[in-house]
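Colleague: here is my input; please provide its structure:
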Amino acid sequence: MTTVDTPTTRDSAPEALATEFVSWLETGVRPEDMFAGDVFADLSLPHWRLQAEGAEATFRLREESHPFPGEVRVEALARTTRGFLLQFSERWSAEGQRWYCRELIHCSVAGGRISELSIYCTGDWDEAVQARHAEQVHLVRP
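Modeller: Numbers count the residues shown, from 1 in each chain. Coordinates of the predicted model:
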């Protein structure tokens with residue numbers, strides 16, 4: 001028997017799913033049914049690339065590298081033909097410092113769940129890197 005995925009509200013209005021995703025990033029509390037069971041995540045960092053398959057492994061990919069709650073500032077959210085694109089910056093406290101990173105994530109959505117993530121991250125900037133950047137670079141649009 002062949003099954004057909006019926007479009008859900010999350011498929012046609014991915015903003016609700018993006019909100020759940022951002023909440024997870026900020027709090028570390030896993031939303032139910034956010035990821036498909038066979039979700040695939042592909043994370044590109046400045047000098048490394050990591051992948052995960054399955055909901056549990058995808059949650060752990062984030063949680064093992066960013067186990068700290070923080071603040072996420074959404075810079076852009078756009079629908080795509082397969083899901084949504086989320087651009088954001090993030091700040092959190094760890095190891096006695098305030099950390100910073102920027103990310104761009106393309107989330108493919110099927111059946112109301114995230115089925116694939118392509119994640120591009122600047123890497124985590126400690127306070128020394130942030131200070132050096134502020135001294136050496138003038139951003140036209142901070």
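Colleague: please count neighbours and contacts with C-alpha atoms only from this point.
Modeller: Fine.
Colleague: Ser118 contacts His106, correct?
Modeller: Yes. Counting by Cα atoms under 8 Å, His106 is a contact partner of Ser118 at 5.2 Å.
Colleague: tell me which of the two has more neighbours.
Modeller: The neighbour comparison of Ser118 against His106 (other Cα atoms under 10 Å) goes to His106, with 21 against 16.
Colleague: now the more buried one. Nearest residue, chain neighbours left out?
Modeller: Of all residues not flanking His106 in the chain, Leu85 sits nearest, at 4.5 Å (Cα to Cα, 6 or more residues apart in numbering).
Colleague: identify the bridge partners of the one you found.
Modeller: Legend: beta-bridge partners of Leu85 under DSSP bridges are Ala78, His106.
Colleague: contacts only, for it.
Modeller: Counting by Cα atoms under 8 Å, 6 or more residues apart in numbering, Leu85 makes contact with 76-79, 104-107.
Colleague: using CSV, lay out those together with distance to Glu32 and pLDDT.
Modeller: CSV is the format used below for these (distance: Cα to Cα, whole Å; pLDDT from 0 to 100):
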residue, distance to Glu32, pLDDT
Ala76, 24, 97
Leu77, 22, 97
Ala78, 23, 96
Arg79, 22, 95
Leu104, 23, 98
Ile105, 20, 98
His106, 20, 98
Cys107, 17, 98
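Colleague: so which of those residues is the closest to Phe35?
Modeller: Cys107 (10.1 Å; Cα to Cα).
Colleague: skipping adjacent residues, who's closest to the closest one in space?
Modeller: Using Cα to Cα, 6+ apart and skipping the chain neighbours, the partner closest in space to Cys107 is Leu117 (4.6 Å).
Colleague: can you list the strands that the strand or helix carrying that neighbour pairs with?
Modeller: Assigned by DSSP states H and E, Leu117 falls within strand 113-121. Here strand 113-121 has these sheet partners by DSSP bridges: strand 35-45 (parallel), strand 97-110 (antiparallel).
Colleague: include distance to Pro14 when you put those into CSV, please.
Modeller: Below are the strands paired with strand 113-121 laid out as CSV (distance: least, Cα to Cα, whole Å):
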stretch, distance to Pro14
strand 35-45, 13
strand 97-110, 8
